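J.: turn this into a structure:
(2 chains)
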Amino acid sequence: MALMNVDNYLLRHAQVALASLGDLWRQPLASLMTVLVIGIALALPASLYVLQKNVEQLSGQWQQASRISLFLKADVKDGRGQQIAEQLKSWPDIKKVAFQSSAQSLQEFRDLSGLGEVLDSLPKNPLPAVIIIEPVATATANQAHTDLLNRLEKLPEVDLAQLDMQWLQRLQKLNETGQRGIAVLAAMLSLSVLLVIGNTIRLAILNRKTEIKVIKLVGGTNAFVRRPFLYTGFWYGLIGGIIAWLTVLIALLIISGPVNQLAALYESQFSLHWLSGTLFIALPLCGLLLGVLGAWLAVGRHLSAIEPS
Amino acid sequence: MIQFNEVYKRYAGQQEALSGLSFHLEKGEMAFLTGHSGAGKSTLLKLIALIERSSHGQVIVNNQNLGRLPKWKIPYYRRKIGLVFQDHNLLHDRTVFDNVALPLIIAGENHREIGRRVRAALDKVGLLGKERSQPLALSGGEQQRVGIARAVVNRPPVLLADEPTGNLDPLLSEEIMGLFEQFNQVGVTVFIASHDQELIGRLPYRRITLKNGRLASD
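T.: Just a heads-up that it's a prediction; the model follows:
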């Protein structure tokens, strides 16, 4: 008997779920407007999230390529410079070391700048010898590189140790700012989804005032009255979430062509991350949670006001 | 079955709707509640159905002191009270069958039992052929009978009716009263508020008369 009641209960839930879906179907235009609003509101932060993840991936790639330039003091002889370079090769956090004498530096500058004659007129070579270091790539590259830099700077022969990464750090900070911004935007748009659903449910409740009164008169509990509205919120959220997912995919489809061409021009290994799997789970889930929550708030607020009199 | 002990009801900012009312309705009894409009008939029924609560005094229904019943238990209490209204309170977007089935769906009955009981109730009120109709397609008398079928479908021990014949002509009114008598004969306690003195006068049942919220005669 108890088992049968559970069966009845589940059957009843399935019936209410289907019935509320049917109600949405019977008002296609109004329902479509609501789910589109929800879909777009969810698609916006989701698209930005995909964008931000891609930028993160890109800056990760560049991080691998960071270098440290060690400018030696002018009075350090080339032989000593070679020696230091050899010693540095044994440091565990250094991957590659290349020594470039001041003469080589001058030659390189001459080739690159095309200022040969001007350089010839200088009384002595103004360029220092450089040791170019490629650090070992680690997960916490930023911190590790800064540590390495500090140790290198303490070498007595070193004039200046420079990490060619300042712009990367800026990019990373920018990325973090973007991440924070997206979170704030997502929170605000989630709130608006909550309000849209709450308001839609509120109207639905007012439309069914008589029905609610009659149900209460013949012994319907608050849970019974609440149930169809919660399912309505559930469907709005779920369908809105799926629409958001489709919107993001379509947006990515539109920009993927130019992005891949751009990446090809830079000979980058970059390929657009779609995150379609993650979003396929996350967006409908977020949608339905917001839907049920919005409905719950609206029902809680308005249902107790409707009592038979 | 229904017992009032020194019951007072005062609505906020108004004079007393009921004052010092005491009476007792036995199990299986059938009685009329009469009096002019504004005498407190509807208020009295609302106290029994727990749509309102008394300001003072005890209302005891089915050995249950309603003053002590917590709010969340009210729905379960109402399932044991059949309610019939003057304006039927039917849902116009559902069929007759679905209207009558509502209390059973709420109580979580299974599908087959619902079908069986709804048809039995509709058969009782003579509307078995109309289960697929919409309420608005029915006459006033038929709509009232749908309302009665809904009130009795989960076999409550108490049946309350507030002016059930208010909108009906004498012939239909008598039919409706006949239905109430039938339910009373199978043991249901029936309590009907009505100001139709002529109709009540012809029937041999107890009459509780209210005047300005007080018991005028019993």
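J.: so the residue in the stretch 151-300 of chain A positioned nearest to chain B, which of the three states?
T.: At 3.6 Å from chain B, A:Gly219 is the closest residue in the stretch 151-300 of chain A, using Cβ to the nearest Cβ. To be clear about C-beta, it is placed using only N, CA and C from the backbone, and glycine gets the same treatment. Counting by DSSP: H, G, I helix; E, B strand; the rest coil, the backbone at A:Gly219 sits in coil.
J.: in the sheet, who's paired with the residue nearest the centre of chain B?
T.: For chain B, the residue nearest the mean C-alpha position is B:Leu160 (2.0 Å; Cα atoms, centre = their mean). With DSSP bridges as the criterion, B:Leu160 is bridged to B:Leu83, B:Phe191.
J.: distance of it from A:Leu88?
T.: 97 Å (Cβ to Cβ, to the nearest Å).
J.: go on, A:Ser47?
T.: Counting by Cβ to Cβ - A:Ser47 and A:Leu88 are separated by 45 Å.
J.: can you tell me the element the spatially closest residue to A:Leu152 that is not a sequence neighbour falls in?
T.: Of all residues not flanking A:Leu152 in the chain, A:Ala161 sits nearest, at 4.4 Å (Cβ to Cβ, 6 or more residues apart in numbering or on different chains). Take DSSP states H and E as the rule and A:Ala161 turns out to sit in strand A:158-163.
J.: could you do B:Gly38 as well?
T.: Going by DSSP H and E, B:Gly38 is not in any helix or strand.
J.: flag every residue of chain B that's near chain A.
T.: B:49, B:51, B:72, B:75-79, B:83, B:89-91, B:102-103, B:105-111, B:150 (Cβ under 8 Å from any Cβ of the partner chain).
J.: quick revisit: now do the strand holding A:Ala161: distance to the chain's middle.
T.: Centre-to-centre, strand A:158-163 and its host chain are 35 Å apart (Cα atoms, centre = their mean, to the nearest Å).
J.: ok, now stretch B:98-114?
T.: That offset, for stretch B:98-114, works out to 19 Å (Cα atoms, centre = their mean).
J.: does the residue lying closest to A:Ala98 once chain neighbours are set aside have beta-bridge partners, and which?
T.: Residue nearest to A:Ala98 in three dimensions, not counting chain neighbours: A:Ile132, with 4.6 Å by Cβ to Cβ, 6+ apart. In this entry, A:Ile132 is beta-bridged to A:Ser69, A:Ala98, by DSSP bridges.
J.: now the residue nearest in space to the middle of chain A: closest residue in space that isn't a chain neighbour?
T.: Centrality entry for chain A: nearest residue to the mean C-alpha point is A:Tyr49, 3.5 Å, by Cα atoms, centre = their mean. Computed as Cβ to Cβ, 6+ apart, the closest residue to A:Tyr49 that is not its neighbour in sequence is A:Ile182, at 5.7 Å.
J.: burial of the one you found, as a residue count?
T.: 18 (other Cβ atoms under 10 Å in any protein chain shown).
J.: quick one, what contacts it?
T.: A:Pro45, A:Leu48, A:Tyr49, A:Gln52 (Cβ atoms under 8 Å, 6 or more residues apart in numbering or on different chains).
J.: per-residue pLDDT of the residue of the stretch 151-300 of chain A closest to chain B, please?
T.: A:Gly219 is assigned 92 on the pLDDT scale.
J.: list the contacts for it?
T.: Contacts of A:Gly219 (Cβ under 8 Å, 6+ apart): B:Pro75, B:Tyr76, B:Tyr77, B:Arg78, B:Arg79, B:Pro103, B:Ile106, B:Ala107.
J.: out of those residues, who has the most neighbours?
T.: Result: B:Pro103 is most packed of those (other Cβ under 10 Å), 28 neighbours.
J.: got phi/psi on it?
T.: Per-residue torsions, B:Pro103: phi -60, psi -30 (degrees, to the nearest 10).
J.: wait, it sits on A:Ile215?
T.: No: counting by Cβ atoms under 8 Å, B:Pro103 stays clear of A:Ile215, with 9.3 Å between them.
J.: give me the phi and psi for B:Ser194.
T.: Per degrees, to the nearest 10, the backbone of B:Ser194 is at phi -160, psi 150.
J.: kindly report the same for A:Ala30.
T.: phi -60, psi -40.
J.: and if you look at the one 10 residues further on?
T.: The main-chain torsion angles of A:Ile40 are listed as degrees, to the nearest 10 and equal phi -70, psi -40.
J.: against A:Ile250, how distant is it?
T.: Distance, A:Ile40 to A:Ile250, using Cβ to Cβ: 12 Å.
J.: with neighbour numbers in mind, choose between these two.
T.: A:Ile40 (15 against 10).
J.: show me the shaky parts of chain A.
T.: A:1-4, A:60-65, A:137-142, A:165-166, A:267-268 (pLDDT under 70).
J.: show me where it has helices.
T.: Taking DSSP state H, the helices of chain A run over residues A:2-26, A:28-64, A:78-88, A:102-113, A:116-120, A:141-153, A:166-207, A:209-217, A:222-265, A:276-303.
J.: residues contacting the closest residue to chain A within chain B?
T.: When distances are taken as Cβ to the nearest Cβ, chain B reaches nearest to chain A at B:Arg79, 3.6 Å away. Applying Cβ under 8 Å, 6+ apart to B:Arg79 gives the contacts A:Val218, A:Gly219, B:Pro103, B:Ile106, B:Ala107, B:Asn154, B:Pro156.
J.: nearest to A:Gln269, of those?
T.: A:Gln269 has its nearest neighbour among those in B:Ile106, at 63.1 Å by Cβ to Cβ.
J.: that closest one contacts A:Val214, correct?
T.: No: look at B:Ile106 against A:Val214 with Cβ under 8 Å: they stay out of range, at 10.5 Å.
J.: which parts of chain A sit against chain B?
T.: So far as Cβ under 8 Å from any Cβ goes, chain A lies against chain B at A:4-5, A:7-9, A:11-12, A:210-211, A:213-222, A:224, A:307-309.
J.: C-alpha coordinates for the strand holding A:Ala161, PDB please?
T.: Provided in PDB are the C-alpha atoms of strand A:158-163 (Å, rounded to 0.1, in the frame of the first residue of the first chain):
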ATOM      1  CA  VAL A 158      74.900  40.700 -13.600                       C
ATOM      2  CA  ASP A 159      73.900  44.300 -14.200                       C
ATOM      3  CA  LEU A 160      70.200  43.700 -15.000                       C
ATOM      4  CA  ALA A 161      68.000  40.600 -15.200                       C
ATOM      5  CA  GLN A 162      64.800  41.200 -17.200                       C
ATOM      6  CA  LEU A 163      61.900  38.900 -17.600                       C
END
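J.: okay, now the sheet partners of it, with direction.
T.: strand A:68-72 (antiparallel).
J.: kindly export the strand it pairs with (C-alpha atoms) in PDB.
T.: Output of strand A:68-72 as PDB, limited to C-alpha atoms (Å, rounded to 0.1, in the frame of the first residue of the first chain):
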ATOM      1  CA  ILE A  68      64.900  36.000 -19.200                       C
ATOM      2  CA  SER A  69      67.600  38.300 -20.500                       C
ATOM      3  CA  LEU A  70      70.700  38.700 -18.200                       C
ATOM      4  CA  PHE A  71      72.600  41.800 -19.100                       C
ATOM      5  CA  LEU A  72      76.200  41.500 -17.800                       C
END
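J.: what angle do helix A:102-113 and it make with each other?
T.: 120 degrees (axes from the mean of the first three to the mean of the last three Cα atoms, to 10 degrees).
J.: please enumerate residues in contact with strand A:68-72?
T.: Contacts for strand A:68-72 (Cβ under 8 Å, 6+ apart): A:81, A:84, A:128-135, A:145, A:148-149, A:152, A:155, A:157-164.
J.: can you mark which positions in it are buried?
T.: For strand A:68-72, the neighbour count (16 or more other Cβ atoms under 10 Å in any protein chain shown) marks A:Ile68, A:Leu70, A:Phe71, A:Leu72 as buried.
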